[in-house]
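Q: from the sequence below, what's the structure:
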Amino acid sequence: MHHANHFYGHANIMAAYAGLSKPPRIWGYLQHGWNILDGFAHGTNFAPGMPKFVWSDSVRRRGHALGLRNYSVIGSVWLYLLKVHPELATPAKRAKGTIFYPFHGWEGQHVLGDHGRIVASINEHETGPVTVCLYWNEYDKPAIRNVYKDAGFRVITHGYRGLHWRRTNAKFLVNQLRELRKHERVASNRLSSAVLYGASLGLQPGVYGDPMVLENEHPSFGGQARIKRLWPELDQPFVPPAVAREFTDTELGVDHVAGPAEIREMFRWNS
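A: Take a look at the predicted model:
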């Protein structure tokens, strides 16, 4: 199984949906985050003929335009999580405030920017209690974590996504779901998976603040300029719910969710 299939506990979620206690090897590559190119990280080395399981048809079309084949559109793993945990698929009765996700880096690329400016943007737009969720590598840096703590925000992390089959927090997405539904709004300084996930639960999304810079970001993705050009209606502090729902349903692949038997067949889990 490609190690990225394990990120955020995705393989475990798909196994639970398919009726299995633990995930066998997935025969193919599983998209693990919202993606504005072919569905995968730049430089992914695809084995010839192996399937690529992606969230939406727009991803498949962009992949085809780049000469890639063997796509299967199955919707996002997040949607399968909501089916595994239907009791958590709506905001909690006492939901309040905003959860904000600052744009993050990873082991190979760091984010460059001023977190103090993000705090100022949050204070400008949010009136209720604020939870700031940092990615694990920013959370592990007291200098960054304390910027938000000193501002009076609750600061959390959902855990470690895993890398090369090591230290994967299989409950990462479950943790994220439980946190999101405690809030009325979800926001970030970039349009991202977390914003889509929150909007899918009915939280009002917002995108505002310094988008920061990803170290050595590959130009093939087009950067923030491309995102703002393609989806200007999503680049505002308070995105209208109808606009958010249409975008989220399309990008998460609501119309493409497969049944448990289909997943077992496509992933070659029947044997």
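
Q: could you list the buried residues of stretch 247-264?
A: Judged by neighbour count (16 or more other Cβ atoms under 10 Å), stretch 247-264 contains these buried residues: 247-249, 251-254, 256-258, 260, 263-264. (Glycine included, C-beta is placed from N, CA and C.)

Q: quick one: which of the residues you listed is nearest to Ser192?
A: The shortest approach to Ser192 among the buried residues of stretch 247-264 belongs to Glu251, at 11.0 Å (Cβ to Cβ).

Q: now the strands for the stretch 51-200 of the chain?
A: For the stretch 51-200 of the chain, the strands defined by DSSP state E, counting those that start in this stretch cover 52-54, 71-73, 98-101, 111-112, 130-133, 154-156, 185-188.

Q: turn those into JSON lines, including mean neighbour count, mean pLDDT and distance to Ala242.
A: Below are those laid out as JSON lines (neighbours: other Cβ atoms under 10 Å; pLDDT from 0 to 100; distance: least, Cβ to Cβ, whole Å):
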{"stretch": "strand 52-54", "mean neighbour count": "24", "mean pLDDT": "98", "distance to Ala242": "25"}
{"stretch": "strand 71-73", "mean neighbour count": "19", "mean pLDDT": "98", "distance to Ala242": "24"}
{"stretch": "strand 98-101", "mean neighbour count": "25", "mean pLDDT": "98", "distance to Ala242": "20"}
{"stretch": "strand 111-112", "mean neighbour count": "16", "mean pLDDT": "76", "distance to Ala242": "32"}
{"stretch": "strand 130-133", "mean neighbour count": "23", "mean pLDDT": "98", "distance to Ala242": "25"}
{"stretch": "strand 154-156", "mean neighbour count": "16", "mean pLDDT": "98", "distance to Ala242": "30"}
{"stretch": "strand 185-188", "mean neighbour count": "26", "mean pLDDT": "98", "distance to Ala242": "16"}
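
Q: to Asp210, which of those strands lies closest?
A: Nearest to Asp210, of the strands of the stretch 51-200 of the chain and by Cβ to Cβ, is strand 111-112 at 10.5 Å.

Q: parallel or antiparallel, list what pairs with the closest one.
A: The pairing partners recorded for strand 111-112 under DSSP bridges are strand 213-214 (antiparallel).

Q: how far does the strand it pairs with sit from the chain's center?
A: Put simply, strand 213-214 sits 17 Å off its chain's centre (Cα atoms, centre = their mean, to the nearest Å).

Q: what do you get for stretch 182-198?
A: Worked out by Cα atoms, centre = their mean, stretch 182-198 lies 9 Å from the chain centre.

Q: could you do stretch 119-136 as well?
A: Distance, centroid of stretch 119-136 to centroid of chain: 18 Å (Cα atoms, centre = their mean).
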